[in-house]
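Q: Give me a 3D structure for the following:
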Amino acid sequence: MARDRSALERLWQRDRSPAALPLMAVGAMYRGAIAVRNLWWRRMAQTAEVPVISVGNLTVGGNSKTPFTLFLASRLQARGLAVAIVSRGYGGKRPAARATLLANRGDLAPEEVGDEPAMMARRFAGPVAVARRRIDAIAMLAARGPLDAAILDDGFQHVRLRRDVDLVLVSNERGFGNRRMLPAGPMREPLSALRRADAVVIVASSQGAPAGIRPAEMEQLNRSRVLHARVRPRGLVTSAHGGWHESPPMLAGRRVLAVSGLANPASFHAMVREIDADLVGVLEYPDHHSYTSADWHTIAAAARDVDAVVTTEKDLVKLERFPFARDSLYALRLEVSMPDDEARVLDELILSRLPARKITRGAAQEVSRNAR
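A: As a prediction, the model looks like this:
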């Protein structure tokens, strides 16, 4: 299955390929359906009772949405705002309730709520909620107490809900591929959808990697407010005694097996190499893969001749239940950074969209300092 995904990824990077012709016909129909849906919801979209900030993208996978969502939520929280993260919970079984709260740092299994929300609940010191209709999650959160803003993880295509700020992330390395619509290419929407965005954030994830954004595409991006961010390794996370523990990324020179269920595992492998680990093997599974006992046996067999197994945090929430040897399974923790001047622009953009009564004293003082 990983080989099939890799073949499709290679096809998505080509401008012309006879194999893409049948997919292009399907992509044209998909594009038309998206246009009709967006036209409908432009008139019928609902408004939440609290300000909404969306973090999303135009392409499938590999754009660092979840790390950036955590970065933004923590940044706003540090400025005195009551912030919650809202997710669709892709890959999880639908609970009976219309919305599910993950407020106890990972008290629900990823199989129930999705791997990314379960991981974010471990990372974020605030509420994370899951609902198919994100407005239901926001209503539940608002009913629990004061809420200054809700951040939608992967929300750009959720046009049925109006938002106060729309942020679109673009991978500096992957760009937009062949710019064709799914399934002939990686595009969820055409580039013209950027008209809805308040800012475009170009995210670099590999040191020294060539840019995948073409000059003509960059010209189109520059019609919006463009910011820049970097995702890089921060530490290693282990699971023990029901909790996660972070340590410095000290795997230099050690033989490592990388295990992941990602849309774009290449950037993960590059980051493992960035911490100077000796990457001697990889096991790739489909995005949001639910690991089985058979998978664990495969991983354990492949790990016999290595010093450590390194995975992602969203995979760790699913792998930690298996009996790996002590100090053998690590997740690579990533952090997002932005240039100070661009981070201030982002702060001002968001805080300027919040009603004055919603801005706490600490946030207001921050805006005042940034304006000087």
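Q: for the chain, which helix is longest?
A: Longest helix in the chain, counting residues (DSSP state H): helix 21-44.
Q: What is the subsequent helix or strand relative to that one?
A: The helix or strand immediately downstream of helix 21-44 is strand 52-57, counting by DSSP states H and E.
Q: related to what we said a few turns ago, run the chain-centre distance for the longest helix of the chain.
A: 24 Å (Cα atoms, centre = their mean, to the nearest Å).
Q: With stretch 320-329 instead?
A: Centroid separation for stretch 320-329 versus its chain: 25 Å, with Cα atoms, centre = their mean.
Q: which parts of the longest helix of the chain are buried?
A: Within helix 21-44, the residues that count as buried by 16 or more other Cβ atoms under 10 Å are Leu23, Gly27, Tyr30, Arg31, Ile34, Asn38. Bear in mind the C-beta positions are built from the backbone N, C-alpha and C, glycine included.
Q: Also stretch 129-142?
A: Under 16+ other Cβ under 10 Å, the buried positions of stretch 129-142 are Ala129, Val130, Ala131, Arg134, Ile135, Asp136, Ala137, Ile138, Ala139, Met140, Leu141.
Q: Hmm, the last one is touching Val130, no?
A: No. Counting by Cβ atoms under 8 Å, no contact exists between Leu141 and Val130, whose distance comes to 11.1 Å.
Q: joint contacts of those two?
A: Here Leu141 and Val130 share the contacting residues Val86, scored by Cβ atoms under 8 Å, 6 or more residues apart in numbering.
Q: now the buried residues of stretch 129-142 as CSV including pLDDT, distance to Val50 and secondary structure?
A: Below are those laid out as CSV (pLDDT from 0 to 100; distance: Cβ to Cβ, whole Å; DSSP: H, G, I helix; E, B strand; the rest coil):
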residue, pLDDT, distance to Val50, secondary structure
Ala129, 94, 12, strand
Val130, 93, 17, strand
Ala131, 93, 14, coil
Arg134, 95, 12, helix
Ile135, 96, 10, helix
Asp136, 95, 13, helix
Ala137, 95, 11, helix
Ile138, 97, 6, helix
Ala139, 96, 9, helix
Met140, 95, 12, helix
Leu141, 95, 8, helix
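Q: where are the low-confidence patches of this protein?
A: Scanning the chain for pLDDT under 70 picks out 1-11, 13-20, 94-97, 103-107, 208-209, 356-372.
Q: tell me which strands and helices the longest strand seen in it is in contact with?
A: Longest strand in the chain by number of residues, with DSSP state E as the criterion: strand 226-240. Applying 3 or more Cβ pairs under 8 Å, 6 or more residues apart in numbering; DSSP states H and E, we find strand 226-240 packed against helix 65-78, strand 199-204, strand 243-247, helix 265-274, helix 313-319, strand 329-337, helix 340-353.
Q: Go ahead and name everything in contact with the strand or helix carrying Glu219.
A: Using DSSP H and E, Glu219 sits within helix 215-221. Applying Cβ under 8 Å, 6+ apart, the contact partners of helix 215-221 are Val170, Gly175, Phe176, Arg179, Leu191, Leu194, Val200, Ile202, Ile213.
Q: in it, what's buried?
A: For helix 215-221, by 16+ other Cβ under 10 Å, it's Gln220, Leu221.
Q: Could you do stretch 114-134 as well?
A: So for stretch 114-134, counting by 16+ other Cβ under 10 Å, buried means 114-124, 126-131, 134.
Q: Okay, and which of those map to helices?
A: Within the buried residues of stretch 114-134, residues falling in helices by DSSP H are Asp115, Glu116, Pro117, Ala118, Met119, Met120, Ala121, Arg122, Arg123, Arg134.
Q: Now do the contacts for the first one.
A: The one in question is Asp115. Gly91, Gly92, His288, Lys314, Asp315, Val317, Lys318.
Q: Nearest to Ala184 among the residues you listed?
A: Relative to Ala184, the closest of the contacts of Asp115 is His288; by Cβ to Cβ it sits at 22.3 Å.
Q: which SS class is that closest one?
A: coil (DSSP: H, G, I helix; E, B strand; the rest coil).
Q: That one reaches Ser260, doesn't it?
A: No. With contacts counted by Cβ under 8 Å, His288 stays clear of Ser260, the gap being 11.2 Å.
Q: more crowded one of these two?
A: Taking other Cβ atoms under 10 Å, His288 and Ser260 do not tie; Ser260 has more neighbours (23 against 19).
Q: Relative to the helix or strand encompassing the more buried one, what are the paired strands and their orientations?
A: Assigned by DSSP H and E, Ser260 falls within strand 255-261. Sheet pairing for strand 255-261, assigned by DSSP bridges, gives strand 278-285 (parallel), strand 308-312 (parallel).
Q: Pull out the buried positions in that strand.
A: Neighbour-count burial for strand 255-261 [16+ other Cβ under 10 Å]: Val256, Leu257, Ala258, Val259, Ser260, Gly261.
Q: Between those residues, which sits nearest Ser87?
A: Checking the buried residues of strand 255-261 against Ser87 with Cβ to Cβ, the nearest one is Gly261 at 17.0 Å.
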